[in-house]
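Participant: Coordinates for the following, if possible.
(one chain, ligands or ions: 1)
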Amino acid sequence: MEFETKYENSKKCKSDGQITDSDHVDAEKGMPAAEGKPDIKSLTLAELTGELNKLGEKPFRAKQLYQWMHEKLARSYEEMTNISKNLKEKLEQNFTYTSLNMVTFQESQIDGTRKYLFELADGNVVESVWMKYKHGNSVCISSQVGCRMGCRFCASTLDGLERNLLPGEMLDQIYYISRHTGERVSNLVVMGTGEPMDNYDNILKFIHMLTDENGLHISQRNVTVSTCGIVPRMRQLAEENLQITLALSLHATTDEKRRRLMPIAYTYRLEDVLDACRYYFEKTGRRITFEYSLVRGVNDTEEDARELIALVGDLNCHINLIPVNPIEERDFRESTAEAIRAFQMRLEKHRLNVTVRREMGRDIDGACGQLRRRHKKEM
Ligand code: SF4
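Facilitator: Numbers count the residues shown, from 1 in each chain. Next up, the predicted model:
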């Protein structure tokens, strides 16, 4: 059987934290297929129809099965009342069925944000977050187990990258949460653990399946994918004819400062990253979001605000200021409320579109990767 969905080779951060072009190439080819049986939840409807045809089944069966998995969010074949016992047995023999187990969840007493820790079939764990907004419910998912990008302010990268997530494993984070909360998910952000552009093929397939009319049918315009700035993949994404939002983790206004925070800046210059952002806007018409984590004394000064205006002032963009979450392994500290407000006002004075990210779930393990790390320490 041929499937595009594969586990990639495990890769850890290099000691100097630098990522090279060849790393990205290596990470996307020569990937061994998942050992044993493929994951049925990671197959598109067309792929599933092809596979069921090989098993002697009609196309309408594939559609029924697809809807059970991706629209009715069935946790196992047992729930599928109109699928015969015989076909279920054949499916068991030929495929695995991704169904995440919830290890734990925390709920904020302040704003109802829920943070989930899920166990995958191989024992790895990933985090997802459910947030309730006036405009609808939003889920933030992980795209990898760990991350090899080495951003200095991030807990998710402290142990490097374990592996990529399959489309079915990304989808099931949303499906589980949707069932658990009993509420529809209308917005999706891929900003949890992992660099989405480092798991490109699986992310692309995941987006197509998430927005498929036979599945949850979430609008592409309600999907945001973040990147730390992998230029070739950003340009490739611009060509995919999608209407999703691209969010660039900018965090600093010069290559030198950015390198202090994000090792990826050794590989791709800011100038090239911003050119890729312009290209994305040209091709898709979608406004770019710039994520800017404010770290006290590092990138929150008046000079930083001036440089940021000079850098992105000409772009059709939205700037999201993020008060950085302190993590115990690193010594970065959150900017003061006054510094955040002053930074915001300087940008707004130049008619830039700015928001300060609301701190959701402040009273739970809010920062990306912290719940997973605590779980690993306790094991
Ligand atoms: S911020 Fe994102 S890209 Fe950077 S290390 Fe963390 S998970 Fe990876």
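Participant: Could you list the domains of this structure?
Facilitator: According to automatic domain parsing, the chain comprises the domains 40-94, 101-378.
Participant: Save those domains as CSV, and put in mean neighbour count, distance to the ligand and mean pLDDT too.
Facilitator: Yep, even glycine has a C-beta here, placed from its N, CA and C like the rest. Below are the domains of the chain laid out as CSV (neighbours: other C-beta atoms under 10 Å; distance: least, C-beta to the nearest ligand atom, whole Å; pLDDT from 0 to 100):
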stretch, mean neighbour count, distance to the ligand, mean pLDDT
domain 40-94, 16, 22, 97
domain 101-378, 19, 3, 92
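Participant: which residues touch the closest residue to Thr211 other than its chain neighbours?
Facilitator: With C-beta to C-beta, 6 or more residues apart in numbering as the measure, Gln220 is the residue that lies nearest to Thr211, at 5.1 Å, once sequence neighbours are left out. Contacts for Gln220 (C-beta atoms under 8 Å, 6 or more residues apart in numbering) come out as 207, 211, 242-244.
Participant: now do 10 Å
Facilitator: Contacts were defined as C-beta atoms under 10 Å, 6 or more residues apart in numbering; by that measure Gln220 touches 188, 207-208, 210-211, 241-245, 284, 286.
Participant: tell me the phi and psi of it?
Facilitator: With angles defined as degrees, to the nearest 10, Gln220 sits at phi -60, psi -30.
Participant: where's it relative to Glu51, distance?
Facilitator: Per C-beta to C-beta, to the nearest Å, Gln220 is found 26 Å from Glu51.
Participant: Check Phe343 too.
Facilitator: Counting by C-beta to C-beta, the gap from Phe343 to Glu51 is 53 Å.
Participant: just checking, Val103 touches Ser128?
Facilitator: No: checked against C-beta atoms under 10 Å, the pair Val103 and Ser128 is beyond contact range at 11.5 Å.
Participant: Can you pull the residues that touch both of those two?
Facilitator: 116-118, 371.
Participant: Among these, which one sits closest to Arg260?
Facilitator: Compare each of the shared contacts of Val103 and Ser128 with Arg260 using C-beta to C-beta and the shortest gap goes to Leu371, at 26.7 Å.
Participant: thinking the closest one is in contact with Arg114, fair?
Facilitator: No: applying C-beta under 10 Å, one finds Leu371 not in contact with Arg114, separated by 11.1 Å.
Participant: what do those two both touch?
Facilitator: 105-106, 128-129, 364.
Participant: now the strands: where do they sit in the stretch 251-379 of the chain?
Facilitator: For the stretch 251-379 of the chain, applying DSSP state E, counting those that start in this stretch gives strands covering 288-294, 317-323, 353-356.
Participant: out of the ones you listed, nearest to Glu307?
Facilitator: Ranking the strands of the stretch 251-379 of the chain by their distance to Glu307 (criterion: C-beta to C-beta) puts strand 288-294 first, at 11.3 Å.
Participant: Now, the shared contacts of Leu371 and Arg114 that are in strands?
Facilitator: Among these, the members falling in strands (DSSP state E) are 105-106, 128-129.
Participant: quick one: which of those is nearest to Val312?
Facilitator: Of all those, Val312 sits closest to Val129, with 26.9 Å by C-beta to C-beta.
Participant: The closest one bridge partners, please.
Facilitator: For Val129, the residues forming beta bridges with it (DSSP bridges) are Lys115, Cys140.
Participant: quick one: it and Asn137 touch, right?
Facilitator: No: counting by C-beta under 10 Å, no contact exists between Val129 and Asn137, whose distance comes to 11.1 Å.
Participant: Quickly list what's touching both of the two.
Facilitator: When C-beta under 10 Å, 6+ apart defines a contact, the residues bordering Val129 and Asn137 alike are Ile177.
Participant: which residue ranges form the helices in the stretch 201-350 of the chain?
Facilitator: 231-238, 255-261, 270-284, 302-312, 337-349 (DSSP state H, counting those that start in this stretch).
Participant: Likewise for the stretch 1-150 of the chain?
Facilitator: For the stretch 1-150 of the chain, the helices identified by DSSP H, counting those that start in this stretch occupy 21-28, 45-54, 59-70, 85-94, in order along the chain.
Participant: what would these look like in CSV with distance to Tyr279?
Facilitator: Output for the helices of the stretch 1-150 of the chain, formatted as CSV (distance: least, C-beta to C-beta, whole Å):
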stretch, distance to Tyr279
helix 21-28, 18
helix 45-54, 30
helix 59-70, 32
helix 85-94, 42
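Participant: I'd like to know which of these is closest to Ala276.
Facilitator: Nearest to Ala276, of all those, is helix 21-28, at 13.9 Å by C-beta to C-beta.
Participant: what does the average pLDDT come to for the closest one?
Facilitator: Helix 21-28 shows an average pLDDT of 39 in the prediction.
Participant: if we can go back for a sec, out of the helices of the stretch 1-150 of the chain, nearest to Arg357?
Facilitator: Shortest separation from Arg357 across those is recorded for helix 21-28, at 28.4 Å, computed as C-beta to C-beta.
Participant: residues contacting Met80?
Facilitator: Contacts were defined as C-beta under 10 Å, 6+ apart; by that measure Met80 touches 64-65, 67-69, 72, 74, 87-88, 91.
Participant: What values do phi and psi take at the spatially closest residue to Gly136 that is not a sequence neighbour?
Facilitator: Among residues not flanking Gly136 along the chain, Ser186 sits closest, at 3.5 Å (C-beta to C-beta, 6+ apart). With angles defined as degrees, to the nearest 10, Ser186 sits at phi -110, psi -20.
Participant: Isn't Ser186 up against Val139?
Facilitator: Yes: with contact defined as C-beta under 10 Å, Ser186 reaches Val139; the gap is 9.4 Å.
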